Structures are given as C-alpha cells and as structure tokens.
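K.L.:
mind looking at a prediction? Sequence and model below.
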Amino acid sequence: MKRVVITGVGVVSPLGSDVSRFWRELCAGATGVAKLTRLPSALYPRDLASEIKDWHTLPEADDPTLRDSGQAVGYAVAAARMALEDASLGATLPEDNDCSVLIGSTMGNQDVVERIINRYDMDESSVLQPEQAPEFEHFKPSLLSGTVAARLGARGSSLTLINACASGNYAVGLGFSRLRAGLGRMALVGGADPFTRACYTIFHRLAASSGTCCQPFDRDRDGMVVGEGAAFLVLEDYEHALARGARIYAEVSGYGLACDAYHATAPHPEGNGAVIAMRRALAVAGLATEDIDYISAHGTGTAANDQSEAVAMERIFGERMRSLPVSSIKGALGHCMGASSALEAVACALAIHHQAAPPTLNTRTVDPAFPGPLDIIPGKARSMRIRHAMSNAFAFGGNVTSIVFSDLRH
C-alpha cells in the first residue's frame, strides 16, 4: 500500500480566506460567528450565522465566468486554487497529470434554485419548467467537482459526494483510499457549501440553532450555528511528493466510515456508528488508542450529537478521555455543512505541522451527563506533541467518518 501525505491546503472560511490568517485566528480564539445578514433577521428569533466576510477580496469573486455558478462552486475553485499554490504546483496543473478532484457538499448548488425563485417571484403555487429558466443548468451538483477540475486542469476522476455534514471527510477518505491503492499520484480533496435560505431555515425549524453561541460539549449548550465555506487539501503519494521536494504537512494514515441506520436526523444514542468508524480508522492506520494524542471532535453544540459523540469516544478510549485533549472548532466557525470536516482536516494538518491544537470556544462546564470528564482545550491553542490526530465527522442519515492524521517526524 502507498503512503499518502498532505502537501497543500486552502480555505475560504468565516475566519478568513487564506491559510495563514485562518490558522492565526483559530489559534487566537477568534470567532466568525455574528448576527445574520443574508436573510431578514426578524424572521429568525435565533439569528446567528457564520458567514464569509472577505469573499470580495479574492479574484474568483470578480470572475465573470463564475457569476452564474452556485456560490459553492466559486468557493471551491478559490480554495482548491489556493491549495495547489500552497503545494508549489501553481494555479493550474501541467497537462500530464492524474490528479482527481473529490468534493463533498451538503446543499450543493441550492442557492441557484433560490436565486431562480427570487428572480421569477415564485411562491408555493408557481410552476416553472427548466427550459423557461436556463439558470437551472447551474444547479447540477456535479458542477462542483467538474468546474474545479476544468479550471485547474485536473485530468483524473471528478466526483461530487453528497453525504450531508460528513461529506468533506468522505472526500478526504476516498482520496486517501484511491492513492493508497495506487490509483493515481495526486488528488484535490475537500468540501464546499454555500449559505442558503433552505439550510438556515431547516436547522431553525428543527430547533437545532443556538440563540446565544455554539458551546460544544458544554452543560448549557443550546444548539449549532449555520456557516458556509470551502476547504481543500492536496493529497499525494509520498514517493511522488518526495521526488518533487514538496513540503509535507502531515500524513493521512487511516480512514473509517459507517452508517448508524438509526434515524434520519438523530444520532445513535450509544454512538454505534461512530465507534465503528473510529475503530476502522485506527485499524487502517495500524494504531492503538494510546497512540492518538488529539481528537478534533465533530462537536456541533447540539444536545444529542455531543452526548452521542462523548459516549462513543468513551467507548473507544475509556479512561484516556480524562487526559486526551479534545477540541471542536465549530465554536469559532459555526457548522459549515459539507465544508466543516474539510476545514477540520486542514486544521488537523496544521495542528500536526505546528504541533499545536486549536481551542474550543465558549465551553465553560463540560456536561456532567457525559460518561466522564473531557479534556476540552479552552481559549487559545495548546502547544503539545501531536504524533497522531483523529478527526470525527457525523451527519444526518447516520453517515459517520473518522480520519487519522499523522506526523511523519514521529
């Protein structure tokens, strides 16, 4: 089996749309969460959102060829381009390449539909055929990966994965699996999601949105905050990266996935799928539980998800959870849907590279209802030895994934 490493990262995030600023703000305990601006806040009593604030500063924002695309397409093109440049591969790949593009998303190009509804002043009784609105052509989810591949010159496989909020991890994991099996030497993997009326309203109507702030694993947590963004990683066959003298952030060493098949929106109360995914990721990586130094948790700040994840981590790590550092960056970024686990994958790669784990914002008292106490990293980043980090992502429909990232220097 081939070894797979991360040689480039790129982000479009509520904390900033360049990697240096993203990492600096994340480590300092900054937040991208603020009052909702994209929708009439009067309609939403719980009116927090984590929106992109610097999109206008990126070249893709003024690109006329992206104007009719879904916002996630623009975010994805920008983040993927940054990742390529960060890997010292230029803004486009050379003609002779086998680079795949694998993108996870929750809402895809839903904002295209919402634009059409607004433009044609549609309501519940309206009927509009696709041929009457050529804008529908830009709705296809395949345009996420297809546009990135075309713009950056990637000649390998092109695939958009729709696996709800774990989609970014699915993309990273699939890219890892393909390269590990020798099916290519390079892959651009990540996630992208736009801010949409549909997504914001769904979580509001589910009473899953916070009215104060996102407090992962806190006793007084009252919900999540909807966000948006994109993140990409350049994965390479280790030998290919060495041959070109690439800087290596970290190695992707293990990947596991499972499905609870329990409920459309609720996680399994005993975290059964999460337990399976974590065990599989450890097995693929050839690691034991004591080898993991840091967990990047899913940590949405919702009652059921945090409880389920705490139970699952306890079942895997047992007493180690008392001293095993854990953080959820959703307190800083909100829940960026399919982009969330891709942003968390970037954070894990940077955590290993810089040997510092990012903090969890707003968590003051860990919920005593959990099986045991958690070593939640508060406030600011914690400098520490990170040989191996585990990143969890859980989604509606019981889709759960875990990825293990490793330090080549260990």
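P.N.:
Yep, it's here. Numbers count the residues shown, from 1 in each chain.
K.L.:
where along the stretch 251-400 of the chain do the strands fall?
P.N.:
294-296, 325-327, 356-357, 375-376, 382-383, 388-394, 399-406 (DSSP state E, counting those that start in this stretch).
K.L.:
which secondary structure element of the chain has the lowest mean pLDDT?
P.N.:
Of all the helices and strands that make up the chain, helix 110-119 has the lowest average by mean pLDDT, DSSP states H and E, namely a mean of 88.
K.L.:
just the CA coordinates of it, formatted as CSV?
P.N.:
The C-alpha trace of helix 110-119 is given here as CSV (Å, rounded to 0.1, in the frame of the first residue of the first chain):
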residue,chain,number,x,y,z
GLN,A,110,-29.2,25.0,-3.7
ASP,A,111,-28.6,28.8,-3.9
VAL,A,112,-29.1,28.6,-7.6
VAL,A,113,-32.7,27.4,-7.1
GLU,A,114,-33.2,30.2,-4.5
ARG,A,115,-32.0,32.8,-7.0
ILE,A,116,-34.4,31.5,-9.5
ILE,A,117,-37.3,31.6,-7.0
ASN,A,118,-36.4,35.2,-6.2
ARG,A,119,-35.9,36.3,-9.9
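K.L.:
that helix: how far from the chain's middle?
P.N.:
Centroid separation for helix 110-119 versus its chain: 24 Å, with C-alpha atoms, centre = their mean, to the nearest Å.
K.L.:
quick one: buried residues of it?
P.N.:
For helix 110-119, burial by neighbour count (16 or more other C-beta atoms under 10 Å) applies to 110-116. Quick note: C-beta positions are derived from backbone N, CA and C, even for glycine.
K.L.:
what's the answer for stretch 262-271, then?
P.N.:
Within stretch 262-271, the residues scored as buried using 16+ other C-beta under 10 Å are 267-268, 271.
K.L.:
now do the same end-to-end measure for stretch 48-63.
P.N.:
Counting by C-alpha to C-alpha, to the nearest Å, you get 30 Å between the two ends of stretch 48-63.
K.L.:
next, the residue with the largest distance to the centre of the chain: secondary structure please.
P.N.:
Largest separation from the mean C-alpha position in the chain: residue 125, at 36.3 Å (C-alpha atoms, centre = their mean). Under the three-state scheme (DSSP: H, G, I helix; E, B strand; the rest coil), residue 125 adopts coil.
K.L.:
any idea how far it is from residue 231?
P.N.:
Spatial separation of residue 125 from residue 231 under the definition C-beta to C-beta, to the nearest Å is 40 Å.
K.L.:
kindly report the same for residue 305.
P.N.:
Residue 305 sits at a distance of 21 Å from residue 231 (criterion: C-beta to C-beta).
K.L.:
who has more neighbours, the two?
P.N.:
Set residue 305 next to residue 231 and count neighbours by other C-beta atoms under 10 Å: residue 231 wins out with 34 against 26.
K.L.:
for the helix or strand that contains the more buried one, packing partners?
P.N.:
Assigned by DSSP states H and E, residue 231 belongs to strand 229-237. Counting contacts by 3 or more C-beta pairs under 8 Å, 6 or more residues apart in numbering; DSSP states H and E, strand 229-237 packs against strand 4-12, helix 71-86, helix 167-180, strand 186-193, helix 340-354.
K.L.:
okay, those in TSV with mean neighbour count next?
P.N.:
Formatted as TSV, the helices and strands packed on strand 229-237 follow (neighbours: other C-beta atoms under 10 Å):
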stretch	mean neighbour count
strand 4-12	28
helix 71-86	27
helix 167-180	28
strand 186-193	34
helix 340-354	28
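K.L.:
do you know which of these lies nearest residue 301?
P.N.:
helix 340-354 (12.2 Å; C-beta to C-beta).
K.L.:
tell me the mean pLDDT for the closest one?
P.N.:
Taken as a whole, helix 340-354 has an average pLDDT of 98.
K.L.:
skipping its backbone neighbours, what lies nearest residue 398 in space?
P.N.:
In this structure, residue 398 finds its nearest non-sequential neighbour in residue 260, 3.0 Å apart by C-beta to C-beta, 6 or more residues apart in numbering.
K.L.:
and that neighbour, how many neighbours?
P.N.:
Applying other C-beta under 10 Å, we find 23 residues neighbouring residue 260.
K.L.:
my read: it touches residue 273, true?
P.N.:
Yes: the criterion here is C-beta atoms under 8 Å, and residue 260 meets it with residue 273 at 3.7 Å.
K.L.:
which residues do these two both contact?
P.N.:
Here residue 260 and residue 273 share the contacting residues 267, 398, 400, scored by C-beta atoms under 8 Å, 6 or more residues apart in numbering.
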